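Here is my input; please provide its structure:
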Amino acid sequence: MSSNLTAPVIAGLAVGVGFIVMFAVVANSSFASTSSTFHVSRYPSMSLTIDSLKEKYNAGEPIDFTLNAHGYGPDCPEAPSITIRDNSIDQVVWFYDPINLMGCNDPERNSVEINDSWNAKERLSILPPEVNIKQPSINQTGTFTFSASWYGEQISQQILIS
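Next up, the predicted model:
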């Protein structure tokens, strides 16, 4: 290679590596991932987390968890939508999806400060009997995906039932 081409080739490689690093940083800031928990945020200052959800349960064991929403998000009093999906057959095996008519997905809604928690055992135990939604427990074994959507945010985590 002639010495006239060495400098442009090195500069081109450096720019290419810079673009790859910049893309990785931007892509990593688009979603947060800890172990097998994935979170996607529409509101940059909104945080949706899951507490007390274990990575492994015994078949039939009650699954308890608490969803926490903190930060600034849409002004809409809503309950979370939650699903547990069997990964082997791609089928929902448990869900809680109350009717939310407040239009929380409307991007024009005002942003307000939110500090809210939703515990499955607590909230599901006070539902009237005719609703017939109980705290989740899965009697089959395998890998499942727990997913929740609340205040316009989404979060999911893998759980193993053995």
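
Look up phi and psi at Ser125.
phi -70, psi -20 (degrees, to the nearest 10).

Can you get me a residue count around it?
The tally of other residues near Ser125 (other Cβ atoms under 10 Å) stands at 10. C-beta: built from backbone N, CA, C; applies to glycine.

got it, and Cys76?
18.

any idea how far it lies from Ser88?
Applying Cβ to Cβ, to the nearest Å, the value for Cys76 to Ser88 is 35 Å.

swap in Ala120?
Distance from Ala120 to Ser88, by Cβ to Cβ: 23 Å.

which is the next helix or strand following the helix or strand hosting Ala69?
For Ala69, the host element (DSSP states H and E) is strand 66-74. Following strand 66-74 in sequence order, the next helix or strand is strand 81-86 (DSSP H and E).

Would you mind pulling the contact partners of the following helix or strand past that next one?
For strand 81-86, the succeeding helix or strand toward the C-terminus, using DSSP H and E, is strand 91-96. With contact meaning Cβ atoms under 8 Å, 6 or more residues apart in numbering, strand 91-96 is reached by 79-86, 120, 124, 133, 136, 138, 140, 144.

Quick check: which of the residues you listed has the minimum pLDDT.
Scanning the contacts of strand 91-96 for pLDDT, the smallest score is found at Ala79, 84.

and that residue, how many residues sit next to it?
14.

looking at it, it is touching Leu124, isn't it?
No - judged on Cβ atoms under 8 Å, Ala79 makes no contact with Leu124 at a distance of 10.6 Å.

what's around Lys54, how many residues?
12.

Also the one 5 residues further on?
The number of residues packed around Ala59, counting by other Cβ under 10 Å, is 12.

residues in contact with it?
Residues counted as contacts of Ala59 (Cβ under 8 Å, 6+ apart) are 138-141, 161-162.

quick one on the thing from earlier: got the contact list for the strand holding Ala69?
Applying Cβ under 8 Å, 6+ apart, the set of residues contacting strand 66-74 is 43, 45-52, 80, 82, 104-106, 109-120, 148, 150-153, 155.

of the residues you listed, buried ones?
43, 46-50, 80, 82, 104, 114, 118-120, 148, 150-153, 155 (16 or more other Cβ atoms under 10 Å).

So which of those residues sit within helices?
Within the buried ones among the contacts of strand 66-74, residues falling in helices by DSSP state H are Ala120.
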